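A.B. asks: next input, structure requested:
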Amino acid sequence: MLQGLIVGQLYSQSLPFKDLAGTPPMGWNSWNWFGKRDINEQLVREVIDAMVSTGLRDAGYRYVVIDGGWRDAKLGPNGELLCHPLKFPNGIKPLADYAHDRGLKLGLHTVPGTHDCGGDPVGGYGHEEVHIGQFVDWGIDFIKLDRCQYRDEGGWTEELIRELYTKWSELIQATGRDIIFNISAYQFREWNPGISHMSRTTLDISAKVTGGANFVDEKPVKNFLSVMTIAEQNNEVAQYARPGYWNDPDMMVTGEQGLTLEEQKAHFALWCIMSSPLFLGNDPRNMTPEEKDIVLNETAIGINQDPTGQGTCIHRQGDTEIWAKKLSNGKTAVLLLNRNPDERVSISLNLPDMGITGKARIYDVYARKDLGTFSGKFSQHVSPRSGLFILIE
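C.D. replies: Just a heads-up that it's a prediction; the model follows:
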């Protein structure tokens, strides 16, 4: 039985900052592909160029976010952040200028505790004003604040997590600069929507940098989750997403990171239906035609960017699931998902249960073609570990 198509309840807290996230932010993040070791300023310039030349920028992917690896292993004498002397010898501001000159925006990963995730003592604890002042001076447009490590007595507590993220939020607002604030603290907290534009709802996604992406938890890696585990956890807090704040199920793992082409298509469809921030975790300089066909699909991106809130899983039976998002134009985006690794199965969608009476025209998003007009029930055979992404009018 259908379990409620779209969650209508919206979070009531006031929106943070200016209206910078009326729709889910889109961009690219360096971590999933390059990690901490392989990132450098020349690579960032090449990625910026590729975002323009491949059409990613024009499709809406505007934020280029440098994750771990840009910092030195220590802070400066006044608690200021230092750039890695070998990998980022010219600093961050020239990269921000380079991005801005090409119609893109630049973001940085930083940490609110005492140490970064690799154990270097470069955290913002006690230096928040200094670090945020640097980001403003450099022209930063996006801050990913990653919880990482707090090594003082007692370690992380829920009270301290809330205190520090709220402090960062207020300080960013006080600068007057348009900066997307992304909370990365490995789980959703009910106060996140009131102080951020987007916040992580799960642990990290398994990706190339962790040994390969997984669609389901067949070969689980500690602290790194499969696409479907993340989707399930993100689905649990769907009611909080709305224009101004979006749940963040982590960067995507399209490209040659371990998923099959059909799994990549289902993965991207899920992130679109869940109104997730669309941050690529690939190498934009070297995309296959098949990957471009997925991440540049205008209809899929339009579904993601429709500001009606987060779509949800509305039906589960065995290895089959149905995910749906009601759009502002009256259409409904649906993913018929087959999680079975071996068997092709038939999945049926009862249209009246979705409030669709009479005839409905159904469009295949990835095939870019009409499937015909249907009434009552729509049934389709779906290949193993695959999905049919459709738009119903």
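A.B. asks: CA only for contacts and neighbour counts going forward, please
C.D. replies: Fine.
A.B. asks: can you give me the neighbour number for Phe378?
C.D. replies: Phe378 has 14 neighbours, counted by other CA atoms under 10 Å.
A.B. asks: and it, what element?
C.D. replies: Using DSSP states H and E, the element containing Phe378 is strand 377-382.
A.B. asks: likewise for Arg57?
C.D. replies: According to DSSP H and E, Arg57 maps onto helix 56-59.
A.B. asks: any idea how far that helix is from the chain center?
C.D. replies: Distance of helix 56-59 from its chain centroid, counting by CA atoms, centre = their mean, to the nearest Å, is 16 Å.
A.B. asks: going forward, count from 6.
C.D. replies: Got it, the first residue is 6 from now on, which makes the last one we talked about helix 61-64.
A.B. asks: which of the residues in stretch 239-259 are buried?
C.D. replies: For stretch 239-259, the neighbour count (16 or more other CA atoms under 10 Å) marks 239-240, 242-259 as buried.
A.B. asks: all strands in the stretch 206-355 of the chain, in order from the N-terminus.
C.D. replies: For the stretch 206-355 of the chain, the strands defined by DSSP state E, counting those that start in this stretch cover 209-210, 229-230, 251-253, 283-285, 317-322, 325-331, 337-343, 350-355.
A.B. asks: of those, which approaches Trp33 most closely?
C.D. replies: strand 283-285 (4.5 Å; CA to CA).
A.B. asks: so for stretch 355-372, mean pLDDT?
C.D. replies: In this model, stretch 355-372 carries a mean pLDDT of 94.
A.B. asks: ok, which stretches of the stretch 256-398 of the chain are helices?
C.D. replies: 266-278, 294-300, 303-310 (DSSP state H, counting those that start in this stretch).
A.B. asks: what packs against the last one?
C.D. replies: For helix 303-310, the contact count by 3 or more CA pairs under 8 Å, 6 or more residues apart in numbering; DSSP states H and E identifies helix 266-278 as packing neighbours.
A.B. asks: and what of the shortest one?
C.D. replies: Applying 3+ CA pairs under 8 Å, 6+ apart, one finds that helix 294-300 contacts helix 266-278.
A.B. asks: for the record, mean pLDDT for the strand holding Phe383?
C.D. replies: Averaged across strand 382-387, pLDDT comes to 96.
A.B. asks: tell me how far that strand is from the chain's mean position?
C.D. replies: Mean C-alpha position of strand 382-387 versus that of the full chain (CA atoms, centre = their mean) differs by 29 Å.
A.B. asks: quick one: strands adjacent to it?
C.D. replies: Take DSSP bridges as the rule and strand 382-387 pairs in its sheet with strand 350-355 (antiparallel).
A.B. asks: can you list the buried residues in the partner strand?
C.D. replies: By 16+ other CA under 10 Å, the buried positions in strand 350-355 come out as Val350, Ile352, Leu354.
A.B. asks: contacts only, for the second one.
C.D. replies: In other words, Ile352. Thr325, Leu341, Ser384, Gln385, His386, Val387 (CA atoms under 8 Å, 6 or more residues apart in numbering).
A.B. asks: ok, the last one - contacts?
C.D. replies: Contacts for Val387 were tallied using CA under 8 Å, 6+ apart; they are Leu341, Leu342, Asn343, Arg349, Val350, Ser351, Ile352, Leu393.
A.B. asks: so which of the contacts of Ile352 wins on neighbours?
C.D. replies: Counting neighbours by other CA under 10 Å, Leu341 comes out on top of the contacts of Ile352 with 25 neighbours.
A.B. asks: report the beta-bridge partners for that residue.
C.D. replies: Beta-bridge partners for Leu341, by DSSP bridges, are Ile327, Leu393.
A.B. asks: helices of the stretch 106-255 of the chain, start to end?
C.D. replies: Under DSSP H, counting those that start in this stretch, the stretch 106-255 of the chain gives helices at 133-143, 163-180, 197-200, 232-240.
A.B. asks: how about the closest residue to Phe93 other than its chain neighbours, phi and psi?
C.D. replies: The shortest distance from Phe93 to any non-neighbouring residue, by CA to CA, 6 or more residues apart in numbering, is to Glu46 (5.2 Å). Dihedral angles of Glu46 (phi, psi; degrees, to the nearest 10) stand at phi -70, psi -30.
A.B. asks: so where's the stretch 6-155 of the chain uncertain?
C.D. replies: 6-22 (pLDDT under 70).
A.B. asks: residue boundaries of the strands in it?
C.D. replies: Ranges of strands in the stretch 6-155 of the chain, per DSSP E, counting those that start in this stretch, are 31-34, 68-71, 110-115, 147-151.
A.B. asks: looking at the helices of the stretch 106-255 of the chain, which is buried most?
C.D. replies: helix 197-200 (a mean of 23; mean count of other CA atoms under 10 Å).
A.B. asks: against which helices or strands is it packed?
C.D. replies: Using 3+ CA pairs under 8 Å, 6+ apart: helix 197-200 touches helix 163-180, strand 203-205.
A.B. asks: so what's the gap between the longest one and the chain middle?
C.D. replies: Think helix 163-180. How far helix 163-180 lies from its chain's middle: 21 Å, per CA atoms, centre = their mean.
A.B. asks: let's have the helices of the stretch 106-255 of the chain in TSV, adding distance to Leu100.
C.D. replies: Listed next are the helices of the stretch 106-255 of the chain as TSV, based on distance: least, CA to CA, whole Å:
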stretch	distance to Leu100
helix 133-143	9
helix 163-180	21
helix 197-200	27
helix 232-240	32
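A.B. asks: contact partners for Ala338?
C.D. replies: Ile278, Ile308, Ala329, Lys330, Lys331, Leu332, Phe394, Ile395, Leu396, Ile397.
A.B. asks: same thing but 6 Å
C.D. replies: Ala329, Lys330, Ile395, Leu396 (CA atoms under 6 Å, 6 or more residues apart in numbering).
A.B. asks: widest-spaced pair of the residues you listed?
C.D. replies: Lys330 and Ile395 (10.8 Å).
A.B. asks: so between those two, which is more surrounded?
C.D. replies: More neighbours surround Lys330 than the other of Lys330 and Ile395, with 28 against 25 (other CA under 10 Å).
A.B. asks: check what pLDDT that one gets.
C.D. replies: Taking Lys330 on its own, its pLDDT is 98.
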